[in-house]
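Asks: missing the sequence, but the structure's below:
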């Protein structure tokens, strides 16, 4: 993540940082951001149609798998996840 954020800082306005869970929670808003960033013309109908494909149950899906949940709870991993908003 730190390497990715370094690239984002270097790219400045030529980058867009998104969180997958935000896309799942509010797909129309995030899709609008992506379309605007890419300078794409879209309609509300198109955005809504694509947004319906988002599966909110996928947000934080790692917490539903015991092995991944255990991994995420390790001190070294948990602090990194918390730092990035998980």
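Replies: Arrived safely. Treat the numbers as computed from the prediction; the structure is a model and nothing was measured.

Asks: in the protein, where is pLDDT below threshold?
Replies: Low-confidence segments of the chain (pLDDT under 70): 1.

Asks: redo that, cut-off 50
Replies: By pLDDT under 50, the chain has no low-scoring segment.

Asks: hey, where'd the helices end up in it?
Replies: All helices of the chain, identified by DSSP state H, fall at 2-11, 20-25, 27-37, 44-51, 66-73, 75-83.

Asks: which outside residues touch the fourth one?
Replies: Helix 44-51 has contacts (C-beta atoms under 8 Å, 6 or more residues apart in numbering) with 27-28, 31-32, 35. All C-beta spots, glycine's among them, are computed from the backbone N, C-alpha and C.

Asks: rerun that using 7 Å as the cut-off
Replies: 27-28, 31-32 (C-beta atoms under 7 Å, 6 or more residues apart in numbering).

Asks: in JSON lines: these, plus neighbour count and distance to residue 15.
Replies: Output for these, formatted as JSON lines (neighbours: other C-beta atoms under 10 Å; distance: C-beta to C-beta, whole Å):
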{"residue": "27", "neighbour count": "19", "distance to residue 15": "20"}
{"residue": "28", "neighbour count": "14", "distance to residue 15": "22"}
{"residue": "31", "neighbour count": "19", "distance to residue 15": "17"}
{"residue": "32", "neighbour count": "16", "distance to residue 15": "17"}
